[in-house]
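K.L.:
let me see the structure of the following:
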Amino acid sequence: MTTNVASKKVSANGLQDQAAGEGALDEVTLSIWQQVQNSADLCVKCNICTSMCPVSNVTQLFPGPKFVGPQAQRFRNPKELSFDESIDYCSGCGVCSMVCPHDVKVMEMNAKGRYKLYHDKKQIPLRNRMLGRSELLGKLGSPFAPVANLFLNNKLVRIAVENFVGVHRDAPLPPFSAETFRGWFKGVHQKSGKQVASQEKRVVFFHGCSTNYYEPRVGKAAVAVLEHNGFEVVVPEQVCCGLPMLSNAEFEAARHNACQNINYLVNYAKAGYKIVGTSTSCTLSLKSDYRHILDIDTEEANLVARQTYDICEFLLELADAGELKTDFKEINVTLPYHSPCQLRAHNMGLPALDLMEMIPGVKIQHVQSDCCGIAGTYGYKKEKYQIGMDVGRSLFEQVKASGSSVAVCDSETCRWQIGHATGAKMIHPVELLAQAYGLQ
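P.N.:
Modelled structure (predicted):
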């Protein structure tokens, strides 16, 4: 039995139910805007969010989260046109919401403001729609990986793409993998007949687009670590989490994907399965963004959110309960580690740091920098590429200064950005754990 979330309070078509020609919004949306307005009233104009904003500190094109968020919110009438286009330079990193002492939902209202800007005044560019469809790009590129990678690495092609599409010629496009994670899991892995210690311990793995089409090695490491700890791994049907669409103001498309994923996952959640993922962005979408930005406030969405864990969060809970295997082999290495914005937005501490420091011989240098600048698809855009590089400069300098040829980060786009800027080989924390277990 599949629960049809799309038929609940907020449909997959979402805000498309507006009255034709009047720009009127439905009752649910008006209520949401009122909730956002109430959050804005909590702002005391302390400017902590602006002082901590990675973007406004490197460019004058973005006046800061306080200005485009709570200060502008009073003018952002849901029935009138958006007035300020500078909001499009917000990267959506979420630092503003994290540092606000009064719990103002700054990033959330900025995301809604960007949606309103494009909905009222501008057409979403083809470039943004393309960047928002990482799953479609993966499906198109993966079967032809060698040719597609050669094509995308051609300088003349990248210059043409920059001029005609608007994706910067130097932006860190990840290489397609000829072998998808799902293909490996359903074929090679399941046919191997590998048995886990207990068939009563099961987890659902939400792999996301990056693991499926670009970095299947991360998914393989996650499966190996989970199975080593006695879990059977289930990989259900799923689609892109929708965050790339949401970040590019395509709320209706993102909401459609969100409803699909909730429908795919809710029965596992009802059965008590934990849902784990290696992408901090994907798991944050399942935990928070579906409800707080896309406004899917249903019992099913809330249940899926409660059962969702970042993989390192899940493994650290096992460790705290004395249930994580610690048969690690010694690895004498010192590695720089960047904790990405999306990870810190989970409000769960730094579980990867604690886990990696359990490995004998491993020393972790926690890089003191808020953001790498890529912010999902933000740093790929021609007009924002240099802003992203400027935001991440301190991070890149610290990674280079570490002298290590390998660095660690939980987020896929952050890994690609840091590798692009520093030349370091980038790995996910679960890959280091798999190596320490002797599984790779």
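K.L.:
in a strand, Lys363, correct?
P.N.:
Yes. According to DSSP: H, G, I helix; E, B strand; the rest coil, the state of Lys363 is that of a strand.
K.L.:
residues touching it, list them.
P.N.:
Residues in contact with Lys363, defined by CB atoms under 8 Å, 6 or more residues apart in numbering, are Val333, Thr334, Leu335, Glu357. Just so you know, the C-beta spots here come from the backbone N, C-alpha and C atoms, and that holds for glycine as well.
K.L.:
of those - the most surrounded one?
P.N.:
Note: the member of the contacts of Lys363 with the most neighbours is Leu335, at 21 neighbours, neighbours being other CB atoms under 10 Å.
K.L.:
that older thread, could the contacts of Lys363 go into TSV alongside distance to Met389?
P.N.:
Compiled in TSV, these are given as follows (distance: CB to CB, whole Å):
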residue	distance to Met389
Val333	28
Thr334	26
Leu335	23
Glu357	30
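K.L.:
I'd say Tyr385 and Asp170 touch.
P.N.:
Yes. With contacts counted by CB atoms under 8 Å, Tyr385 reaches Asp170, the gap being 6.7 Å.
K.L.:
more crowded one of the two?
P.N.:
Applying other CB under 10 Å to Tyr385 and Asp170 shows that Tyr385 carries more neighbours, namely 21 against 14.
K.L.:
report how many residues lie close to the residue nearest to that one when sequence neighbours are not counted.
P.N.:
Beyond its immediate neighbours in the sequence, the residue positioned closest to Tyr385 (CB to CB, 6 or more residues apart in numbering) is His168, lying 3.7 Å away. Other residues within reach of His168 by the criterion other CB under 10 Å amount to 20.
K.L.:
next one: His168 from Val147, what distance?
P.N.:
As for His168, its distance to Val147 is 22 Å (criterion: CB to CB, to the nearest Å).
K.L.:
next: Arg169.
P.N.:
Distance check for Arg169 against Val147: by CB to CB, it reads 20 Å.
K.L.:
tell me the contacts of the closest residue to Pro340 other than its chain neighbours?
P.N.:
The shortest distance from Pro340 to any non-neighbouring residue, by CB to CB, 6+ apart, is to Ser411 (3.9 Å). Contacts were defined as CB under 8 Å, 6+ apart; by that measure Ser411 touches Ser279, Thr280, Ser281, Pro340, Gln342, Leu343.
K.L.:
between these, which has the most around it?
P.N.:
Thr280 (29 neighbours).
K.L.:
and that residue, what does it touch?
P.N.:
With CB under 8 Å, 6+ apart as the criterion, the residues that contact Thr280 are Asp310, Pro340, Gln342, Leu343, His346, Asp410, Ser411.
K.L.:
and these, which is closest to Glu299?
P.N.:
Distances from these to Glu299 were compared by CB to CB; the smallest belongs to His346, at 21.9 Å.
K.L.:
what's the neighbour count on the closest residue to Tyr213 other than its chain neighbours?
P.N.:
If you skip the residues right next to it in sequence, Tyr213 has Gly138 as its closest partner in space, 2.9 Å away by CB to CB, 6+ apart. Taking other CB under 10 Å as the neighbour definition, Gly138 ends up with a count of 20.
K.L.:
give me the element Gly138 is part of.
P.N.:
When elements are assigned from DSSP states H and E, Gly138 belongs to helix 134-141.
K.L.:
ramachandran coordinates for Gly277?
P.N.:
Note on Gly277: its backbone torsions stand at phi -150, psi 150 [degrees, to the nearest 10].
K.L.:
give me the number of residues near it?
P.N.:
Neighbourhood size, Gly277 [other CB under 10 Å]: 28.
K.L.:
if I look at it, how far off is Tyr378?
P.N.:
As defined by CB to CB, Gly277 lies at a distance of 21 Å from Tyr378.
K.L.:
and Arg217, by the same measure?
P.N.:
Applying CB to CB, one obtains 25 Å for the distance of Arg217 from Tyr378.
K.L.:
what is the neighbour count of the nearest residue to Thr413 once chain neighbours are set aside?
P.N.:
Taking CB to CB, 6+ apart, and ignoring the residues beside it in sequence, Thr413 has Ile374 as its nearest neighbour in space, at 4.8 Å. Close neighbours of Ile374, defined as other CB under 10 Å, add up to 31.
K.L.:
then the one 10 residues further on?
P.N.:
Lys384 is flanked by 26 other residues according to other CB under 10 Å.
K.L.:
also Asn128?
P.N.:
Burial of Asn128, expressed as a neighbour count using other CB under 10 Å, amounts to 22.
K.L.:
what about it, which helix or strand?
P.N.:
Here Asn128 is covered by helix 126-131, with elements defined by DSSP H and E.
K.L.:
quick one: that helix to chain centroid distance?
P.N.:
For helix 126-131, the gap between its own C-alpha mean and the chain's C-alpha mean amounts to 17 Å (CA atoms, centre = their mean, to the nearest Å).
K.L.:
same deal with stretch 103-119?
P.N.:
Distance, stretch centre to chain centre, for stretch 103-119: 17 Å (CA atoms, centre = their mean).
K.L.:
quick revisit: ok, Arg217 and Tyr378, which is more surrounded?
P.N.:
More neighbours sit around Tyr378 than around the other of Arg217 and Tyr378, counting by other CB under 10 Å; the figures are 24 against 18.
K.L.:
surely the more buried one is in contact with Ser247?
P.N.:
Yes. Checked against CB under 8 Å, the pair Tyr378 and Ser247 is within contact range at 7.3 Å.
K.L.:
give me the common contacts of the two.
P.N.:
With CB under 8 Å, 6+ apart, Tyr378 and Ser247 have common neighbours Gly92.
K.L.:
how near is Cys46 to Ser56?
P.N.:
15 Å.
K.L.:
those two: which is more packed in?
P.N.:
When neighbours are counted by other CB under 10 Å, Cys46 and Ser56 differ, and Ser56 comes out ahead with 23 against 14.
K.L.:
per-residue confidence for the more buried one?
P.N.:
According to the model's per-residue confidence, Ser56 sits at a pLDDT of 84.
K.L.:
excluding its backbone neighbours, what's nearest it?
P.N.:
Using CB to CB, 6+ apart, the closest residue to Ser56 is Gly64 (4.0 Å).
K.L.:
brilliant, that's me finished.
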